[in-house]
Structures are given as structure tokens and as C-alpha cells.
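> For reference, the sequence and a predicted model appear below.
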Amino acid sequence: MKIFKDFATYNESLGIAAPLDNDIDVGYYDPPNIVLATEPVQVDFYRISIKIKYKRKSTPLREPETAIFFNSPDLVIPPGWDAEPTYTGMYLQLSKKVIEENRFLFKTYLDYGQHEALFLKDEEVEEIKDVFRLMLNYYEEEKKHFAVLLSYVNVLICLVEAFYKRQFSTDPKQYNRIVSDFQQGLVDYYNQPVKRLPTVLYFAEKLGLTSNYLGDIVKHFTHKSALENIHEFVIKKAKELLAKNAEMNTTQVAYELGFEYPNYFSKFFKKMVGSTPKEYRTKLDTKLQN
């Protein structure tokens with residue numbers, strides 16, 4: 001599998017225009033001249049790809065779709081594009097250096113998977129086209145307008161975030177099912193012996209999603225991050241074990257929940273509940289006696 005370290009070699013292999021800059025690359029697709037059949041590849045940078053009226057060869061009966069797709073370092077791009085050479089669109093490529101130096105400008109969806117696309121409405125496409133026109137005005141080799149260009153990149157990022165929220169809200173049944181599966185996964189996790197605490201990555205892989213995509217959906221519908229949901233469930237289980245299993249000491253409870261170090265469990269519990277596990281159990285015993 002070939003790994004592309006820079007824009008220039010990737011653009012050449014794909015048949016799109018050579019970049020004018022090593023950190024930001026902006027351009028339009030020219031489908032008749034693009035290489036549509038490729039081996040699996042990886043790119044060592046970030047891509048936001050807007051494809052308009054994109055039609056897949058594998059699903060000829062489906063209507064063309066307009067969507068934004070994402071590629072990030074370590075993500076394998078599957079063979080070929082599976083596309084009819086009739087779509088139009090734009091792309092934005094960002095180096096890891098730009099992301100690291102301006103992390104506050106960028107959102108978690110830059111690490112979404114290709115199957116976690118944002119499907120656009122016609123009016124949203126027009127907004128994005130307007131931003132791309134402005135970006136191209138300042139896309140110059142001399143970098144004298146780099147700050148302005150970066151500002152328009154931020155506008156695009158914010159638009160995509162708003163459009164994702166619209167997409168999550170438009171089809172709540174689909175996304176509520178993901179949230180329900182995540183929450184059921186927490187229950188199932190503790191219905192078996194555990195060796196470690198559950199993680200967002202664990203549930204994302206179970207659901208065939210990226211961690212960021214799962215986290216954003218859970219946050220949208222529960223108003224709490226996926227990690228916060230996990231922590232609250234762990235505390236709920238801890239309280240149940242402390243209340244219903246008097247024979248278990250706090251060290252045993254910690255190991256039962258998947259904590260590697262009992263001291264960390266005590267600190268975690270106190271931070272979440274306001275008292276240590278021992279203090280919590282003492283309060284329960286006092287209430288029962290009264």
C-alpha cells in the first residue's frame with residue numbers, strides 16, 4: 001500500500017492540479033482527467049473533499065449524492081473511487097503542521113471515516129462554493145495572504161459543523177439508534193468479566209464508527225460527551241456494587257469495574273460523587289440503621 005507524504009505526489013497520482021503550497025492546497029475536481037482506479041493508499045495529511053452529484057458505479061440505480069468526505073492520516077483510502085466521471089466538486093488539503101499549530105480552529109470531524117459523510121442540501125452547497133471562491137482569491141504561493149486564507153478555512157470548518165448538526169437532527173431515528181446501541185453496549189460490557197475500564201474507542205469499533213463521529217453523535221443527543229456518559233455509567237455500577245455487595249471491599253469493587261489501581265478508583269469516585277467509596281458506603285449504612 002502506497003503512503004503519500006505530501007500534496008504534490010498525491011495530486012500527481014490522482015490527476016489534479018499541482019499544489020501551490022505545502023501546508024494548504026485548494027482546488028477543483030476535473031473528473032474526466034482524474035484517475036478513478038487506484039490501489040489502497042494512505043495520505044499523511046488531512047483532506048476535505050466536496051463531491052457534487054457524485055454517482056457510484058456500484059449503485060447505478062441510486063440518485064447522485066452531494067456530500068463532504070474526509071481523509072486523515074492513518075486512514076486507508078479503499079481501491080478506486082467507485083465513481084462515474086461526471087461529478088464536480090472541490091477539495092481542501094491541510095498538512096499536519098497546520099492542524100497542530102492551529103488546533104483551536106479545527107473540529108473533531110476532520111478524523112471522521114469516509115463512511116461518515118456529510119450530505120449537503122443545495123443551499124448548503126452554494127454557501128460552500130462561495131467560501132471556496134473566497135479561499136481561492138487568497139491562495140497564493142507567496143503566502144502573503146496566508147492568515148486570510150486560514151480564516152476562510154475556519155469559516156468552512158464552522159459551516160460543516162453547523163451542517164452536521166442539521167444532519168443529526170434531520171434523521172433522529174438513525175442517530176438515536178447509534179446512541180441506544182452505545183448505551184446498551186455499556187450494559188453488555190459489565191455483564192461480563194472486565195479487565196479494564198471501557199473506552200470510547202472500544203464502543204466505536206464495536207459499532208463500526210470512528211471515535212470522533214460516535215462522540216459527536218452522543219454529545220448531540222445526550223448533551224454530554226461519550227466519555228462523560230461512560231464515567232456516569234461506571235459510577236452507577238460502583239454505587240450498585242458498594243450498596244449490594246457488602247462482602248466486597250473497595251479494592252475488589254475497583255477491580256470488578258476494570259480499574260487497574262484501586263487508589264485511582266477512590267479519587268475518581270470522590271471527584272464524581274463528592275465522597276470516597278468508603279464514605280459513601282458508611283452513609284448508606286447509617287441511612288439503613290435509621
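That came through, no problem. Numbers count the residues shown, from 1 in each chain.

> Surely His231 is in contact with Phe269?
No. Counting by CB atoms under 8 Å, His231 stays clear of Phe269, with 10.4 Å between them. Just so you know, the C-beta spots here come from the backbone N, C-alpha and C atoms, and that holds for glycine as well.

> Between those two, tell me which one has more neighbours.
The neighbour count for His231 versus Phe269, taken as other CB atoms under 10 Å, is higher for Phe269 (26 against 17).

> ok, the more buried one - contacts?
With contacts defined as CB atoms under 8 Å, 6 or more residues apart in numbering, Phe269 is in contact with Ile235, Ala238, Ser275, Thr276, Pro277, Tyr280.

> what ranges do the strands span in the stretch 51-200 of the chain?
With DSSP state E, counting those that start in this stretch as the criterion, the stretch 51-200 of the chain has strands at 65-71, 76-77, 88-94, 118-119.

> for the third one, which positions count as buried?
Of the residues in strand 88-94, those scored as buried under the neighbour-count criterion (16 or more other CB atoms under 10 Å) are Gly89, Met90, Tyr91, Leu92, Gln93, Leu94.

> Include distance to Phe168 and pLDDT when you put those residues into a markdown table, please.
Output for the buried residues of strand 88-94, formatted as a markdown table (distance: CB to CB, whole Å; pLDDT from 0 to 100):
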| residue | distance to Phe168 | pLDDT |
| --- | --- | --- |
| Gly89 | 23 | 92 |
| Met90 | 24 | 94 |
| Tyr91 | 24 | 95 |
| Leu92 | 22 | 95 |
| Gln93 | 26 | 94 |
| Leu94 | 24 | 94 |
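
> and which of these is nearest to Val76?
Gln93 (17.3 Å; CB to CB).

> Surely that closest one touches Arg47?
Yes. Counting by CB under 8 Å, Arg47 is a contact partner of Gln93 at 5.2 Å.

> ok, back up a step: out of the buried residues of strand 88-94, name the two that are farthest from one another.
Gly89 and Leu94 (16.9 Å).

> In this structure, what helix or strand scores lowest on average pLDDT?
strand 76-77 (a mean of 74; mean pLDDT, DSSP states H and E).

> for the stretch 101-250 of the chain, which spans come out with low pLDDT?
141-143 (pLDDT under 70).

> tell me the helices in it, going along the chain?
122-137, 146-170, 172-189, 200-207, 211-222, 226-244, 250-257 (DSSP state H, counting those that start in this stretch).

> Which secondary structure elements does the third one sit against?
Taking 3 or more CB pairs under 8 Å, 6 or more residues apart in numbering; DSSP states H and E as the contact definition, the neighbouring helices and strands of helix 172-189 are helix 200-207, helix 211-222, helix 226-244.

> Of those helices, which is nearest Asp111?
Nearest of these (CB to CB): helix 211-222, 4.8 Å.

> Just the CA atoms of that closest one, as CSV, please.
Output of helix 211-222 as CSV, limited to C-alpha atoms (Å, rounded to 0.1, in the frame of the first residue of the first chain):
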residue,chain,number,x,y,z
SER,A,211,-14.4,7.6,18.0
ASN,A,212,-14.9,11.3,17.0
TYR,A,213,-18.1,10.5,15.0
LEU,A,214,-19.6,8.4,17.8
GLY,A,215,-18.6,11.1,20.3
ASP,A,216,-20.2,13.9,18.3
ILE,A,217,-23.5,12.0,17.9
VAL,A,218,-23.6,11.1,21.6
LYS,A,219,-22.9,14.7,22.6
HIS,A,220,-25.6,16.0,20.2
PHE,A,221,-28.3,13.8,21.6
THR,A,222,-27.4,13.5,25.3
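
> What residues sit buried inside it?
Ser211, Asn212, Tyr213, Leu214, Gly215, Asp216, Ile217, Val218, Lys219, His220, Phe221.

> who's in contact with the closest residue to the third one other than its chain neighbours?
Read it as Tyr213. Nearest in space to Tyr213, with sequence neighbours left out and distances taken as CB to CB, 6 or more residues apart in numbering, is Glu116 at 4.5 Å. Each residue near Glu116 by CB under 8 Å, 6+ apart is listed here: Phe70, Tyr109, Leu209, Thr210, Tyr213.
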